[in-house]
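> Sequence plus the predicted model coming up.
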Amino acid sequence: MAGLPVKRVLGINGKDEFKAGENTNNTDNNKQSLSKAALAVREENDKVGEREMVTPTGSSIKRSSSRPQLDLSKAAIQGNSEERDPTILLPNQSDDISHLALDIGGSLIKLVYFSRHEDQSIDDKRKKTVKERLGISNGNRRSYPILGGRLHFVKFETSKINECLDFISSKQLHCGTNSLWWTSDSPSNENAVIKATGGGAYKFADLFKERLGVSLDKEDEMDCLVAGANFLLKAIRHEAFTHMEGQKEFVQIDHNDLFPYLLVNIGSGVSMIKVDGDGKFQRVSGTNVGGGTYWGLGRLLTKCKSFDELLELSQKGDNRTIDMLVGDIYGGMDYSKIGLSASTIASSFGKAISDKKELEDYRPEDISLSLLRMISYNIGQISYLTALRFGLKRIFFGGFFIRGHAYTMDTISFAVHFWSKGEAQAMFLRHEGFLGALGAFMSDEKHGLDDLRAHQLVERFPMGAPFTGGKIHGPPPGNLNEKISWMEKFVLKGTEITAPVPMAPTGTTGLGGFEVPLSKGGTLRSDASALNIGVLHLVPTLEVFPLLADPKSYEPNTIDLSDHNELEYWFTVLSEHLPDLVDKAVASEGGTDDAKRRGDAFARAFSAHLARLMEEPAAYGKLGLANLLELREECLREFQFVDAYRSIKLRENEASLAVLPDLLAELDSMNEEPRLLTLIEGVLAANIFDWGSRACVDLYHKGTIIEIYRMSRNKMQRPWRVDDFDLLKERMLGSGGKKPPPHKRALLFVDNSGADIVLGMLPLARELLRRGTEVVLVANSLPALNDVTAMELPDIVAEAAKHCDILRKAAEAGGLLVDAMVNTLDDSKENSTSVPLMVVENGCGSPCIDLRQVSPELAAAAKDADLIILEGMGRALHTNFNARFKRDALKLAMVKNQRLAEKLIQGKIYDCVCRYEAAS
Ligand SMILES: Nc1ncnc2c1ncn2[C@@H]1O[C@H](COP(=O)(O)OP(=O)(O)O)[C@@H](O)[C@H]1O
Ligand SMILES: CC(C)(COP(=O)(O)O)[C@@H](O)C(=O)NCCC(=O)O
Ligand SMILES: [Mn+2]
C-alpha cells in the first residue's frame with residue numbers, strides 16, 4: 001500500500017482548497033425525519049428559509065428548510081431603536097403550538113408548558129425506497145397521540161404573580177390551549193382553559209380571567225403530585241438520587257418494582273402520601289413545619305430579603321452557638337448509652353433560653369443553619385416514622401424547599417438513615433418542585449405522556465434553561481439574538497453560572513450528630529443559573545436498538561466522569577479544544593460579525609456548562625464522556641452553527657475520492673485473505689482523520705491528507721493492541737477448506753468524513769457486498785465534528801460508485817442512486833442483481849452513540865442484521881466498548897488519545913483496536 005499512487009494531493013490546510021466561510025452548505029439539517037437530533041436543531045428559531053445545497057458532485061439541489069418561517073407581520077422595535085442590536089418583537093411569530101399547566105402554591109408558581117413545531121418531516125424518494133426495503137411503514141407514527149415536542153419547566157414567586165402572567169402572555173402560552181393541542185389545529189383564545197392545581201388555582205382564578213381571558217380548570221393537588229412523581233420515576237432515567245455525606249448517586253428505578261413508596265412533598269407545608277400505583281394513593285400524614293416555616297421564620301429572624309439569601313447564610317453558619325448539644329448538657333461527653341454523641345443537637349435553639357443574649361447577639365448565619373437543620377431533620381424523622389407505620393422502605397422527597405441544596409438533602413438523608421438504622425432510604429427528585437405542575441399537565445386528556453418510555457425522552461440543557469428551569473427576571477429571551485444579549489449582559493458580568501456550588505459537608509455522621517457544614521464557596525448558586533433541569537424533548541419515534549444483548553444493563557459510556565480526576569482531564573481537553581472549534585464554527589458561517597458574536601456566545605455557554613459540571617458533575621444526571629461530547633454539539637446548534645466542519649469534510653471527501661480508484665484496483669489484485677487484512681488495516685489507518693483529537697489536529701499541520709493516510713497505513717503493524725483479526729477472518733473466510741455462509745446483513749456504524757469513510761469503510765462495505773452481504777451504512781442524523789452524516793453519504797456513495805461496479809449496483813439496488821446522476825461504468829440499466837447498499841440515519845448528532853435511543857429506521861434495519869460494525873473512537877471506545885450484542889460485532893478504532901490508550905487498552909496513542917465478539 002505504500003506505493004499507492006496519488007493523483008491529486010490536497011493540503012489539509014491548503015489555502016487554495018479551503019476558503020474559510022465558503023458557502024457550500026451540503027449539510028442543512030436532515031429534514032427527512034424527526035429524529036432526536038433533528039428535533040434538537042429545530043429547537044431554536046432559524047432564520048434560514050431556503051438553502052442552496054452544493055453536493056460533493058457539484059450538483060446543486062434546492063431544498064426548502066425544515067425550520068419554521070418567521071412571521072414578520074407587525075414586527076416592531078422594542079426599546080431604543082438607536083441601539084446597535086435593538087430587540088425586535090414579532091408579535092405574530094408563533095412556530096409552536098403550546099400547552100400549559102400551573103401549580104400555584106403558597107410560595108411559588110410552577111409552570112409546565114409544552115411546545116412543538118409542525119410535523120415537517122419529508123419523506124423523499126430515496127428515503128422511501130430504504131423504508132420499503134426495511135419494511136418500515138409510516139403508519140406507526142400516527143399511533144402516538146403526541147408527535148413530539150418539548151416540555152419546559154419554569155417557576156415564579158407567588159408574590160410576583162404579575163411576572164408569571166407577563167411570561168405566559170409574552171410566550172402566548174394561554175393561546176392554543178383550547179384547540180386539540182396535539183394536532184395542528186390553529187390556536188384560539190376563546191374560552192381557553194388552563195389546567196391548574198394548588199391553592200392559587202382558586203385564589204387567583206379571577207386574576208387569570210381578567211388578565212389573560214382564561215379560565216383555570218382546577219385539579220386536585222394530591223392527584224397531581226402523585227401523577228407527576230409516577231411519570232418522572234418511570235420515564236426519566238436519571239430522576240431519583242440519594243444524597244449522603246455529599247455524595248449524589250442516581251438510582252435506577254425498576255418500573256415493575258416502584259410501588260409502594262412514600263412521597264414527601266416539602267413545599268410551604270409538607271404532605272406525606274403513600275403511593276400504591278397510578279392514581280392509587282392516600283395522604284397519610286403531613287406537617288405544618290415545612291418550607292414556609294424555614295423561609296418565614298428565617299426572614300423574621302435574619303431580615304433576609306430572599307429565600308436564597310437565607311439558604312446562603314446557612315452555609316457560613318455554626319449552629320453550635322445557638323443549638324443546645326448533648327455535649328452542652330453532659331459536660332462535653334457523649335451520652336453513649338443511648339447512642340447520642342456530644343455533637344448531637346439535644347434541643348434546636350436551646351441555647352437561646354439560657355443565654356442572656358438578644359436576637360441581635362446571634363449571627364444570622366448561625367440562626368439560618370440552626371433553623372435549616374431543625375426543619376430538615378424533623379421532616380426526615382416524621383417521614384421515617386410514617387414510612388415505618390406503613391411498612392414502606394423507599395421515601396421520595398419533592399418540593400422546592402429542597403432546592404437541590406446539598407446540606408438540606410444530607411440532613412434529611414441522615415435522619416432517615418439514623419432512625420431507620422439503615423433500613424429505609426431517602427431519595428430526591430431532580431424535578432423536585434414540579435411534581436404538581438407536571439401532574440396537572442398530565443391530567444389533560446389525551447396528552448399521551450403516560451405512554452412515553454425513557455428511550456423516547458431526551459433532556460437538553462440550552463442556555464435558555466436559566467429561564468426555563470429557574471426564576472424569571474424580566475421578559476424571557478424570545479429569540480437567539482435576545483439570548484445572546486442576555487448571555488453578554490448577565491453571564492459575563494455576574495459570575496453566577498460559574499459560581500461555586502454549595503458543597504455538602506464531609507464527615508457529618510456520628511451518633512446522631514453533625515458537624516458544621518464545610519461550604520466550599522461562600523455563595524449559593526443563584527436560582528437563575530441553576531441549570532440542573534433541562535428541557536425535555538419528547539421523541540416518540542426513538543427506539544431501543546433491538547440487538548443489544550441486555551438493554552436493561554446497557555450503559556453507553558465507557559468513561560465514567562464521576563471520578564474527579566477523569567472529569568478534570570476531559571474538562572481540560574475540551575476547554576483547550578474550544579478556541580479552535582470556535583474558529584472553525586465562525587468560519588463555517590462566513591466569518592461575519594454575527595457569526596463571531598454567536599461564536600463568542602457559544603464559547604461562553606459551553607464553558608459555563610463545563611464549569612457547572614466541574615463543580616457538580618451530576619447536575620444534569622449521571623455524567624459520562626459521551627454526554628459532554630454531545631453537549632458540545634448541542635451547544636453549537638443552540639447558537640445556530642449548523643455544521644462547523646462543513647468545508648473540511650468536503651475537501652477531505654474530494655481528496656479521498658480522487659485516490660479511491662487506485663486503492664480499489666490494488667485491492668482487486670489481492671487474494672481474499674490479504675485483502676481482508678488490508679481492508680481492516682485500511683479502516684483503522686483512516687480513522688486517524690479525527691478533528692476532535694488534539695493530537696491528530698496537530699498532525700494535520702505536517703502533511704497532506706494522502707501523506708498522512710499513507711503514513712498511518714505504513715504504521716499498521718499487527719498484532720494490534722486489541723487484535724481479534726484471526727477470529728474475524730475465520731468467521732468470514734473459514735478454515736480448513738470450509739467456507740462459512742456470509743452474513744446476511746451488516747450494519748456499518750460509520751464515523752468520519754474523508755479518508756475514513758471513502759478509503760476505509762466504503763472499501764470494507766464493498767467487500768461485504770461482494771460476498772453477498774447486504775450493507776446498511778449507519779450515519780449521524782446531524783453533523784458532529786467531521787463525522788459524515790446520513791444526508792451526505794448518498795452523494796459520496798454516488799461519487800464512489802462512478803469508479804466501482806459493485807458499489808454502483810448495490811447502491812442502485814438499495815435505492816441510493818435515485819436522484820444522483822451517476823456516470824456508470826456499465827451503460828445498461830438492467831435490473832440489478834446485487835444485494836443492496838443502504839444508508840440510514842442513527843438518530844444522533846454526536847460523535848458517540850447511545851444505543852438506547854436510535855432512529856426507527858436503524859431499529860428496523862437491525863432486525864435482519866447479523867453483523868454489527870462499530871467504527872471510531874466515539875462509537876466503539878468512548879461508548880459501546882463494553883456493549884454486548886445478540887449478533888456478531890466488530891469494534892474498530894484507532895485510539896487517538898494517550899490517556900485513553902493507557903486506561904482502556906494499556907497501550908499508547910495511535911494503537912488500534914480490532915475487537916470481534918461473536919453473537920452472545
Ligand atoms: N425562590 C424561592 N422563593 C421562595 N421560596 C423558595 C424559593 N426557592 C425555594 N423555596 C422554598 O420552597 C418552598 C415552596 O415550595 P413549593 O414546592 O413550591 O411549595 P408551594 O406549592 O407550597 O409553594 C418555600 O416555602 C421555600 O421554603
Ligand atoms: C471526539 C472523538 C471521540 C472523535 O473520535 P472518532 O469517533 O472520530 O474516532 C475524539 O476525537 C476524542 O475523544 N477527542 C478528544 C481527545 C483528544 O483531543 O485527545
Ligand atoms: Mn468522528
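The structure has been received and is ready for your questions. Numbers count the residues shown, from 1 in each chain. Ligands and ions are numbered 1, 2, ... in the order given.
> Going by C-alpha atoms from here, please, whenever you check contacts or count neighbours.
Will do.
> Tell me who's in contact with residue 547.
Listed by Cα atoms under 8 Å, 6 or more residues apart in numbering, the contact partners of residue 547 are 862, 863, 885, 886, 887.
> How about the residues of the stretch 601-750 of the chain by ligand 2?
Taking Cα under 6 Å from any ligand atom, the part of the stretch 601-750 of the chain that reaches ligand 2 is made up of 687, 690, 692, 693, 694, 695.
> can you rerun that using 5 Å?
Residues of the stretch 601-750 of the chain lying close to ligand 2 (Cα under 5 Å from any ligand atom) are 690, 692, 693, 694.
> Just the buried ones among the contacts of residue 547, please.
Burial by neighbour count, 16 or more other Cα atoms under 10 Å: within the contacts of residue 547 this picks out 862, 885, 886, 887.
> Make JSON lines from the residues you listed and add distance to residue 164, secondary structure and pLDDT to it.
Compiled in JSON lines, these are given as follows (distance: Cα to Cα, whole Å; DSSP: H, G, I helix; E, B strand; the rest coil; pLDDT from 0 to 100):
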{"residue": "862", "distance to residue 164": "48", "secondary structure": "helix", "pLDDT": "97"}
{"residue": "885", "distance to residue 164": "50", "secondary structure": "strand", "pLDDT": "98"}
{"residue": "886", "distance to residue 164": "52", "secondary structure": "coil", "pLDDT": "98"}
{"residue": "887", "distance to residue 164": "54", "secondary structure": "coil", "pLDDT": "98"}
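> Output these in CSV, with distance to residue 896 appended to each entry.
Conversion of the buried ones among the contacts of residue 547 to CSV gives the following (distance: Cα to Cα, whole Å):
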residue, distance to residue 896
862, 29
885, 25
886, 29
887, 28
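> tell me the secondary structure for residue 876?
helix (DSSP: H, G, I helix; E, B strand; the rest coil).
> Near it, how many other residues are there?
As a burial measure, residue 876 scores 28 neighbours (other Cα atoms under 10 Å).
> Return the distance of it relative to residue 756.
For residue 876, the distance to residue 756 equals 14 Å [Cα to Cα, to the nearest Å].
> Which two of the contacts of residue 547 have the greatest separation?
Using Cα to Cα, the contacts of residue 547 span at most 12.5 Å, a distance reached by 863 and 885.
> near ligand 3 too, which of the contacts of residue 547?
Applying Cα under 5 Å from the ion, the subset of those adjacent to ligand 3 is empty.
> In TSV: the residues of the stretch 601-750 of the chain next to ligand 2, plus secondary structure and distance to ligand 1.
Putting these into TSV (DSSP: H, G, I helix; E, B strand; the rest coil; distance: Cα to the nearest ligand atom, whole Å) gives the following:
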residue	secondary structure	distance to ligand 1
690	coil	45
692	coil	40
693	coil	42
694	helix	43
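> quick one: which of those has the most company?
Sorting these by how many neighbours each has (other Cα under 10 Å) puts residue 690 first, at 24 neighbours.
> didn't residue 157 look like it was pressed against residue 108?
Yes - the pair residue 157 and residue 108 passes the contact test of Cα atoms under 8 Å, sitting 4.4 Å apart.
> between those two, which one's more packed in?
Under the neighbour definition other Cα under 10 Å, residue 157 and residue 108 were set side by side, and residue 108 has more, 21 against 18.
> got the phi/psi numbers for residue 172?
Reported as degrees, to the nearest 10, the phi and psi values for residue 172 are phi 60, psi 40.
> Roughly how far does it sit from residue 899?
Distance from residue 172 to residue 899, counting by Cα to Cα: 51 Å.
> which one of the two has more residues nearby?
Set residue 172 next to residue 899 and count neighbours by other Cα under 10 Å: residue 172 wins out with 21 against 16.
> Would you state the predicted confidence (pLDDT) at the more buried one?
The predicted structure scores residue 172 at 80 on the pLDDT scale.
> cool, residue 390 as well?
On the pLDDT scale, residue 390 is placed at 97.
> what's the neighbour count on it?
A count of nearby residues for residue 390, using other Cα under 10 Å, gives 14.
> got a list of what it touches?
Residues counted as contacts of residue 390 (Cα under 8 Å, 6+ apart): none.
> List phi and psi for it.
Backbone torsions for residue 390, taken as degrees, to the nearest 10, come to phi -110, psi 10.
> Could you tell me whether residue 440 really is in a strand?
No - if the criterion is three-state DSSP, then residue 440 is helix and not within a strand.
> interface residues of the chain facing ligand 1?
105, 106, 107, 108, 267, 268, 291, 292, 399, 400, 401, 433.
> Kindly recompute the last result at 8 Å.
If contacts are counted using Cα under 8 Å from any ligand atom, the residues of the chain sitting beside ligand 1 are 103-110, 156-158, 198, 265-269, 290-296, 306-308, 398-403, 432-434, 471, 527.
> Understood, closing this out.
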